[in-house]
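Colleague: missing the sequence, but the structure's below:
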């Protein structure tokens, strides 16, 4: 039955054009799995040119274990007529020339051509859809995390506050120089560390909605450094703020929290000795804030974990985790990165869009 | 007698003895918080009453207006600013300090708009609380 209103001579040309222009991959194989046709879309999808695949077994486009099993699938179908994918189609995994794998929907039709059976596979790349689904799952997981965080915060913070208060009172009644009094102080200190962790958890799970306004990171950094002047951690350090006024649209309070915590991190690394340099500059239409210290730097195996939520190398967690800092930066469409330049020390770089960007 | 309280950031504490014995109402559903505040404020010379929920708080206010109220935001029978509003209405001369575990800027602003003297987040130091009570009362003079 004709499936086309074209005359026989015209059909061939049109079908050839369809093959060449189709957005999905089209691959034809024989009963031995050898590739007989392979269209430009397939070339783009897999990275192999037609020359590289024609005549080869189609299992070269599959990762293990499917690669080893494919010949068996074809043989089983030819032997049993059992349709597992023929006429049905399903999601499979393809393997590109560079070795990476990707999800692809494969629909296979069978045909009888010049006395032989052949199979046509139509391949639809699912990479984008799978990525979006993954993002949606992550997003809903984060939403649930946010809801849970509020409950956890209340159920944990209140008892913690009560314990802290009670221990403080009882500790105050112990002889001032006694070991017990010192222990009571340590109990309070550990509770404060737990409370910091709670704060970090909350900030991570429910980043506050940024209230945007025009902000000058240079003067903001100066304000933060001034506010922290009394902080024992920064007391003996040299802290410089230099650079240009690069106006950005940001939540000043959140940015202050981030900078304050990065300064605390640098201060802890320096252990009372050294300098911290805060530099503000404009680069490629973005505002760049570098916070550098001349401390010992961060070993690579630690650096790769820095943005893991709640990861800390300190005996008691203080300040924000970098994962939370990153969340806050992302809420500003900004980025944060940590580097240990060859000259030594550590530099944390924040980048934010400037106000001029449309 | 009482040593000067250290001055942490965020509190402008008055130091030294405070000879004025204030009537303080401590409201929190957490027993340990009530206990530690009561102990601290009693040691500072004040007359302290406690309440663990909104209903008891209202009864305590009706029985006699306090000078200062330390009010926990979330109670078993109250999770909004309604209780604060009714305290401000029934005992307008009382200074109310709102305590919260979960800092929400909207709640804090709402409380201040209703006339709360200060909003503080838990946990806080006991000496800081005592100093704040004195400061809140001094602000009315």
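Modeller: Looks like it came in fine. None of the values given here were measured: they were computed from a predicted structure.
Colleague: How about the contacts made by residue A:133?
Modeller: By C-beta atoms under 8 Å, 6 or more residues apart in numbering or on different chains, the contact set of residue A:133 is empty. From N, CA and C alone the C-beta is placed, and that goes for glycine too.
Colleague: count of neighbours near the residue in the stretch 251-358 of chain A positioned nearest to chain B?
Modeller: Taking C-beta to the nearest C-beta, chain B has its nearest neighbour within the stretch 251-358 of chain A at residue A:253, 9.1 Å off. Number of residues near residue A:253 (other C-beta atoms under 10 Å in any protein chain shown) recorded here: 14.
Colleague: Remind me which helix or strand it belongs to.
Modeller: helix A:252-270 (DSSP states H and E).
Colleague: Can you give the strand pairings for the host helix or strand of residue A:93, parallel or anti for each?
Modeller: For residue A:93, the host element (DSSP H and E) is strand A:90-95. Its sheet considered, strand A:90-95 pairs with strand A:101-113 (antiparallel) by DSSP bridges.
Colleague: The partner strand: which residues count as buried?
Modeller: Residues of strand A:101-113 classed as buried: A:103, A:104, A:106, A:107, A:108 (neighbour count, 16 or more other C-beta atoms under 10 Å in any protein chain shown).
Colleague: Likewise for stretch A:211-228?
Modeller: For stretch A:211-228, burial by neighbour count (16+ other C-beta under 10 Å) applies to A:215, A:216, A:217, A:218, A:220, A:221, A:223, A:224, A:225, A:228.
Colleague: Ok, stretch A:266-285 next?
Modeller: Neighbour-count burial for stretch A:266-285, counted by 16+ other C-beta under 10 Å, picks out A:266, A:267, A:268, A:269, A:270, A:274, A:276, A:277, A:278, A:279, A:280, A:282.
Colleague: One more: stretch A:144-155?
Modeller: Buried residues in stretch A:144-155, defined by neighbour count with 16+ other C-beta under 10 Å: A:149, A:153.
Colleague: Stretch A:183-197 now?
Modeller: Residues A:184, A:187, A:188, A:191, A:194, A:195, A:196, A:197 are the ones in stretch A:183-197 that count as buried (16+ other C-beta under 10 Å).
Colleague: shouldn't the third one be in contact with residue A:164?
Modeller: Yes: counting by C-beta atoms under 8 Å, residue A:188 does reach residue A:164; the two are 5.8 Å apart.
Colleague: hang on, the earlier thing: now the buried residues of stretch A:266-285 in JSON lines, with pLDDT and distance to chain B?
Modeller: Putting the buried residues of stretch A:266-285 into JSON lines (pLDDT from 0 to 100; distance: C-beta to the nearest C-beta, whole Å) gives the following:
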{"residue": "A:266", "pLDDT": "88", "distance to chain B": "20"}
{"residue": "A:267", "pLDDT": "86", "distance to chain B": "16"}
{"residue": "A:268", "pLDDT": "82", "distance to chain B": "19"}
{"residue": "A:269", "pLDDT": "85", "distance to chain B": "23"}
{"residue": "A:270", "pLDDT": "87", "distance to chain B": "22"}
{"residue": "A:274", "pLDDT": "90", "distance to chain B": "24"}
{"residue": "A:276", "pLDDT": "93", "distance to chain B": "20"}
{"residue": "A:277", "pLDDT": "94", "distance to chain B": "25"}
{"residue": "A:278", "pLDDT": "95", "distance to chain B": "21"}
{"residue": "A:279", "pLDDT": "94", "distance to chain B": "27"}
{"residue": "A:280", "pLDDT": "94", "distance to chain B": "25"}
{"residue": "A:282", "pLDDT": "90", "distance to chain B": "31"}
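Colleague: out of the buried residues of stretch A:183-197, which are inside helices?
Modeller: Among those, the members falling in helices (DSSP state H) are A:184, A:187, A:188, A:191, A:194, A:195, A:196, A:197.
Colleague: helices and strands around the helix or strand of chain B with the lowest mean pLDDT, which ones?
Modeller: Here the helix or strand of chain B ranked lowest by mean pLDDT, DSSP states H and E is helix B:105-113, holding a mean of 90. The contact analysis (3 or more C-beta pairs under 8 Å, 6 or more residues apart in numbering or on different chains; DSSP states H and E) places helix B:105-113 against strand B:95-100, strand B:118-121.
Colleague: Lowest average pLDDT across the ones you listed?
Modeller: Among the helices and strands packed on helix B:105-113, strand B:118-121 has the lowest mean pLDDT, at a mean of 92.
Colleague: what separates it from the chain centre, distance-wise?
Modeller: Distance of strand B:118-121 from its chain centroid, counting by C-alpha atoms, centre = their mean, to the nearest Å, is 9 Å.
Colleague: before we move on, what about stretch B:58-70?
Modeller: In terms of C-alpha atoms, centre = their mean, the centre of stretch B:58-70 is found 11 Å from the chain centre.
Colleague: which residues are contacting that stretch?
Modeller: Stretch B:58-70 has contacts (C-beta under 8 Å, 6+ apart) with B:22-28, B:37, B:49, B:51, B:83, B:86-87, B:90-91, B:93-97, B:99, B:129, B:133, B:136-137.
Colleague: From those, keep the buried residues only.
Modeller: Applying 16+ other C-beta under 10 Å to the contacts of stretch B:58-70 flags B:22-28, B:37, B:49, B:51, B:83, B:87, B:91, B:94-97, B:99, B:129, B:133, B:136-137 as buried.
Colleague: Restricted to helices, list those residues.
Modeller: B:37, B:83, B:87, B:129, B:133, B:136, B:137.
Colleague: which intervals of the chain have sub-threshold pLDDT?
Modeller: Let's take chain A. Along chain A, the parts satisfying pLDDT under 70 run over A:1-9, A:207, A:309-320, A:355-358.
Colleague: nope, chain B please
Modeller: For chain B, the stretches flagged by pLDDT under 70 are B:1-19, B:103.
Colleague: which parts of it sit against chain A?
Modeller: B:9, B:28-33, B:35-37, B:39-40, B:74, B:101-102, B:122-126 (C-beta under 8 Å from any C-beta of the partner chain).
Colleague: nearest residue to residue 20 other than its sequence neighbours?
Modeller: In the absence of a named chain, chain A is used. Excluding the flanking residues, the one nearest residue A:20 by C-beta to C-beta, 6 or more residues apart in numbering or on different chains is residue A:40, at 6.0 Å.
Colleague: think we crossed wires, I meant chain B
Modeller: Excluding the flanking residues, the one nearest residue B:20 by C-beta to C-beta, 6+ apart is residue B:137, at 6.8 Å.
Colleague: Which positions in the stretch 51-200 of chain A make contact with chain B?
Modeller: Counting by C-beta under 8 Å from any C-beta, the stretch 51-200 of chain A sits next to chain B at A:150, A:153-154, A:157-166, A:168-169, A:172, A:191-192, A:195.
Colleague: Nearest spatial neighbour of residue B:110, chain-adjacent residues omitted?
Modeller: residue B:81 (5.2 Å).
Colleague: now residue A:286
Modeller: Spatially, and ignoring its direct neighbours in sequence, residue A:286 is nearest to residue A:351 (4.9 Å; C-beta to C-beta, 6+ apart).
Colleague: before we move on, the earlier item: measure the residue of the stretch 251-358 of chain A closest to chain B to residue B:81 for me?
Modeller: Per C-beta to C-beta, to the nearest Å, residue A:253 is found 23 Å from residue B:81.
Colleague: Around the nearest residue to residue B:122 once chain neighbours are set aside, count how many other residues there are.
Modeller: Nearest non-adjacent residue to residue B:122, counting by C-beta to C-beta, 6+ apart: residue A:161, 3.6 Å away. A count of neighbours around residue A:161, defined by other C-beta under 10 Å, yields 24.
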